[in-house]
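> Sequence and predicted structure are below.
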Amino acid sequence: MKNIAVFASGRGSNFAAIIQAVKNKRIKANLALFVCDNPHAGAINYAKKAGIKIALVKREDFISKDGFEAEITEYLKQAKIDLIVLAGFMRMLSAGFVREYKNRIINIHPALLPSFKGSEGIRDAFEYGVKVTGVTVHFVDERMDHGPIILQEAVKIEEKDTLESLEAKIHKLEHKIYPKAIQLFVLGKLKTKGRRVGISIR
Ligand code: GRF
């Protein structure tokens, strides 16, 4: 069985959806580790409740980013992690770290990349006035919100939508497609060729 580490810094609703999907076997893998850089993150409670090992690694406890990432890598090695799932992890991983786990780190972004990168994807799309936005799951590379795209699904922005109603729609979709993408990875169905990710149907 593959070992998954989830990284999060905040609320943790995606993490909760992933825990649920593992519980009812929509993801057939082991949630071996939760990595968190924020002691106040709501996500920590989900890890505790589910009995998942928690690595709380705070950036301010290290002089350099290298030191911070070396500590995380130690936890990942100990837990024999096969896949890193970023779920609202608010730090950029260094090029060296990404290289070490090439094609084994995935992220979810609340917009249709390459549009509306950054931490305010939902708000930025809403304020821009686009009629369609959505959710993207992608492999992580050295650049922010940039790596090869695994899954994307669209959400319509209706005239009656508010930022809050749009956020609710986006999160609901995230909770559906992130587990799906993780299970595709676990089953070995993702084949990356340059920027293109093929999904084998057998
Ligand atoms: C999600 O919207 C995700 O797309 C983005 O960060 C947010 C995390 O939300 N990367 P949560 O902590 O999972 O509730």
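Yes, it's here. Please read all numbers here as calculations on a predicted model, not as lab measurements. Residues are numbered from 1 along each chain as shown.

> Show me which residues of this protein are close to the ligand?
8, 10-15, 87-88, 108-110, 174 (CB under 6 Å from any ligand atom). For the C-beta atoms, the positions are set from N, CA and C on the backbone; glycine is no exception.

> Now, the residues you listed that are in helices?
Using DSSP state H, the subset of those located in helices is Ser13, Asn14, Phe15, Glu174.

> Could you find the closest non-adjacent residue to the last one?
The spatial neighbour of Glu174 that comes closest, neighbours along the chain excluded (CB to CB, 6 or more residues apart in numbering), is Val135 at 5.2 Å.

> tell me which element the one you found falls in.
strand 132-139 (DSSP states H and E).

> ok, that strand: who's next to it in the sheet?
strand 105-109 (antiparallel), strand 149-156 (antiparallel) (DSSP bridges).

> All the helices of this protein, residue numbers only.
Using DSSP H, helices in the chain cover 13-23, 43-50, 65-78, 95-100, 121-128, 163-186.

> any low-confidence regions in this structure?
Low-confidence segments of the chain, defined by pLDDT under 70, are absent.

> What values do phi and psi take at the residue in the chain positioned nearest to the ligand?
In the chain, the residue that lies nearest the ligand is Gly88 (2.7 Å; CB to the nearest ligand atom). Dihedral pair for Gly88: phi 80, psi 40, per degrees, to the nearest 10.

> Also the one 4 residues further on?
In this entry, Met92 is assigned phi and psi values of phi -80, psi 130 (degrees, to the nearest 10).

> correct me, but it touches Asp145?
No. Met92 is not in contact with Asp145 according to CB atoms under 8 Å; the separation is 10.0 Å.

> what's next to the strand holding Val135, contact-wise?
103, 105-113, 115-116, 121-122, 125-126, 145-157, 166, 170, 173-174, 177-178, 181, 192, 197 (CB atoms under 8 Å, 6 or more residues apart in numbering).

> Could you pick out the buried ones from the residues you listed?
Using 16 or more other CB atoms under 10 Å as the burial test, the contacts of strand 132-139 include 103, 105-113, 115-116, 121-122, 125-126, 145-151, 155, 157, 166, 170, 173-174, 177-178, 181, 197 as buried.

> Once you drop chain neighbours, what's closest to Arg26?
Per CB to CB, 6+ apart, closest to Arg26 is Pro179, 5.4 Å.

> whoops, I mixed them up, Gly198
Leaving aside its sequence neighbours, Gly198 sits nearest to Lys191 (CB to CB, 6+ apart; 4.3 Å).

> and if you look at Phe34?
Closest to Phe34 by CB to CB, 6+ apart is Ala47, at 4.0 Å.

> my guess is Pro110 contacts Gly121, does it?
Yes. Using CB under 8 Å, Pro110 is in contact with Gly121, at 4.5 Å.

> coming back round to it: okay, the helices of the chain, which one's buried deepest?
helix 13-23 (a mean of 21; mean count of other CB atoms under 10 Å).

> ok, Val155 to Glu120 distance?
16 Å (CB to CB, to the nearest Å).
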